[in-house]
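K.L.:
Could you look at this predicted model? Sequence included:
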Number of protein chains: 2
Amino acid sequence: MAVGEFGLIDRFFSGMDAGAAVRLGVGDDAAVLSVPEGHVLHTSVDTAVEGVHFLPGMPPADIAFRSVMAAASDLAAMGAAPAGMLLALTIPSVDQGWLTAFVDGLRDASEQTGLPLVGGDTTRGPLSVTVTVMGSTPTAAYLKRSGAREGDRVCVSGTLGDAAAGLAALRGDLSISDAMVSNGLVGRFARPIARLALGESLRAVASAAIDVSDGLLADAAHIADASEVAIDIDCHRLPLSDALRALPDQDQILRWALSGGDDYELLFTLPPDAILPAGCTEIGRVVVGSGVSCAVTPQQSGYDHFKD
Amino acid sequence: MAVGEFGLIDRFFSGMDAGAAVRLGVGDDAAVLSVPEGHVLHTSVDTAVEGVHFLPGMPPADIAFRSVMAAASDLAAMGAAPAGMLLALTIPSVDQGWLTAFVDGLRDASEQTGLPLVGGDTTRGPLSVTVTVMGSTPTAAYLKRSGAREGDRVCVSGTLGDAAAGLAALRGDLSISDAMVSNGLVGRFARPIARLALGESLRAVASAAIDVSDGLLADAAHIADASEVAIDIDCHRLPLSDALRALPDQDQILRWALSGGDDYELLFTLPPDAILPAGCTEIGRVVVGSGVSCAVTPQQSGYDHFKD
């Protein structure tokens, strides 16, 4: 059912459905997208539930922005060009101020990702946000988890652990005296950026890719498993932001960088002779074997919703 | 994030991702689907929340089946051939018996619709089910709400009002002494069938189409609005099942048929010379004007989540 079932709601979500791939946007039973000839469709869905994936009281604009980016990050990990998205929003009641702020964040994320909002469903219930994203790549040129080969270099974009530190600060588990440092880390949690342009540029270059959503070690293990190889990570080469380095607890910093998740950077493997893209860091090597090894072994592994 | 983030969960949802359009199923960052050359992609999302769209305690197999069919029905209304679906499932805890039953219903619906389950996201939270469906049609040959023209005949598939009566029986608001009648009506609510084959066959024939999810009057109004025409419905021609006709309250029967929703039949308009498909009934006419008129005006209109 398209956004637009309820007159009360649909005006909030209108005007965001224009895009190169959109043939029919909001307002019919389904949205219609074109996929270029010789291309395939990529699609993924992500749900964020209040109290599980984001804290109660998180600004609605951040909830929307983060939900879109988390889903878009899966397109980035495939090297897919954005085509459109659907929003399934469940809200306890119609709060116009809340909806207005939510839509502001949604529009920001739609514009930054190039994902027009082509449809959705708004329902009443406990707050949760489900975003389905669609993108495309040439038929035979996309990034899988299964392509890593012995001798490939393991690389990651941006910096790691910031989002986990930001979440800790939001939760009150981490006190940071410098407001700019604190805001920067919180921003990495609340306003992550899906690496869509990097993903597209890696399409012809990287042998495997995944986005860092569960945490570096957990996501590296997904590549290792799918590719039937082992991954050695050099913990001394992990890219850390100045803000994270400035925090006092060095063990905690390493745990966040290895296992924090929610960074939405791209983790990818490059053949030996490929050029490392700007803004990326080589952090390890693909070797024969299975699993992920790391000089420093932390206690904590990737965030698992059903493991407490 | 693909189904498969949690080892505990993903085995329940495995083995349902094979299909003609599926190039990469469950297990990577996104699923990859092919769209035939000269075709476009159709996509829609539907959420069902416990206590809003289905009663607490509804059999999990029915929850799954109904959620898939409700979403698939939007593809039927576009005339789209099924390609694949994504499931975003939010559950309060991991109950293996519940999940096993849920997956049984999911598999039934996947097989009956021809929609392989190509990915998803399982999260912890209050029970809700969000299904995204994808299908395809030739680029210029799909059904919209906006094509109805003066003189077209208004038609509907199957029978109307059964699902609403079934829901009333489930809620204890309707007592039916005959168990077979009761089960039949409840089955129309719990196990609706998306009219995918009919939708595809109407692609070259119907001038406009929508699925009956909100209720006949509300959905006819969507066609009237989008097509800038009026729709006259002859209430004496509404197709009613024998089970519904056997109920004592004739006013209630009419209200259910006009406004009950959840039937997931197709409501469509046919040019004067087109042949009425088998199993369908002509119930009215497209005329100049706006809105929907009906000889018998009921108090109740389509189910609106935010209108109490």
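P.N.:
Nice, thanks for sending it over. Numbering: from 1, shown residues only, chains lettered A, B, ... in the order given.

K.L.:
What segments of the stretch 51-200 of chain A are strands?
P.N.:
Using DSSP state E, counting those that start in this stretch, the strands of the stretch 51-200 of chain A run over A:81-91, A:117-124, A:128-138, A:153-157.

K.L.:
Throw these into a markdown table and include mean pLDDT, thanks.
P.N.:
Below are the strands of the stretch 51-200 of chain A laid out as a markdown table (pLDDT from 0 to 100):
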| stretch | mean pLDDT |
| --- | --- |
| strand A:81-91 | 97 |
| strand A:117-124 | 94 |
| strand A:128-138 | 98 |
| strand A:153-157 | 98 |
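
K.L.:
Let me know the secondary structure of A:Asp29.
P.N.:
Following DSSP: H, G, I helix; E, B strand; the rest coil, we place A:Asp29 in the coil state.

K.L.:
Now it: closest residue in space, sequence neighbours ignored.
P.N.:
Take A:Asp29 and drop its neighbours on the chain: the residue closest to it by Cβ to Cβ, 6 or more residues apart in numbering or on different chains is B:Ala77, 3.8 Å away. No exception for glycine: its C-beta is placed from N, CA and C like everyone else's.

K.L.:
and the gap between the one you found and B:Ala221?
P.N.:
15 Å (Cβ to Cβ, to the nearest Å).

K.L.:
Of those two, give the one with the bigger neighbour count.
P.N.:
A count of neighbours by other Cβ atoms under 10 Å in any protein chain shown puts B:Ala77 above the other of B:Ala77 and B:Ala221, at 34 against 20.

K.L.:
Pretty sure the more buried one sits against B:Leu202.
P.N.:
No - the pair B:Ala77 / B:Leu202 is not scored as a contact, 9.3 Å apart, by Cβ atoms under 8 Å.

K.L.:
so what sits against both of those two?
P.N.:
Counting by Cβ atoms under 8 Å, 6 or more residues apart in numbering or on different chains, the common neighbours of B:Ala77 and B:Leu202 are B:Leu143, B:Ala209, B:Leu266.

K.L.:
dump the residue contacts of the closest residue to the first one other than its chain neighbours.
P.N.:
Which is B:Leu143. Distances taken as Cβ to Cβ, 6+ apart place B:Ala209 nearest to B:Leu143, at 3.9 Å, with adjacent residues excluded. Neighbour list for B:Ala209: A:29, B:77-79, B:143-145, B:199, B:202, B:223, B:266-269 [criterion: Cβ under 8 Å, 6+ apart].

K.L.:
for those residues, which one is nearest B:Gly51?
P.N.:
A:Asp29 (25.6 Å; Cβ to Cβ).

K.L.:
Tell me the confidence at that closest one?
P.N.:
Looking at A:Asp29, its pLDDT stands at 95.

K.L.:
any idea how far the residue lying closest to A:Thr43 once chain neighbours are set aside lies from B:Ala83?
P.N.:
When the adjacent residues along the chain are set aside, A:Thr43 lies closest to A:Met134, with 4.9 Å between them (Cβ to Cβ, 6+ apart). Distance of A:Met134 to B:Ala83, computed by Cβ to Cβ: 12 Å.

K.L.:
Could you do A:His39 as well?
P.N.:
From A:His39 to B:Ala83 the distance is 15 Å (Cβ to Cβ).

K.L.:
The two: which has the busier surroundings?
P.N.:
Counted by other Cβ under 10 Å, A:His39 and B:Ala83 do not tie: B:Ala83 has more neighbours, with 28 against 20.

K.L.:
Okay, the more buried one and B:Val118: tell me how far apart.
P.N.:
9 Å.

K.L.:
repeat for A:Gly161
P.N.:
Distance from A:Gly161 to B:Val118, by Cβ to Cβ: 32 Å.

K.L.:
Please name the residues that touch A:Leu41.
P.N.:
A:Leu33, A:Val35, A:Ala83, A:Met134, A:Gly135, A:Ser136, B:Val32, B:Leu33, B:Ser34, B:Val35, B:Leu41, B:Met134.
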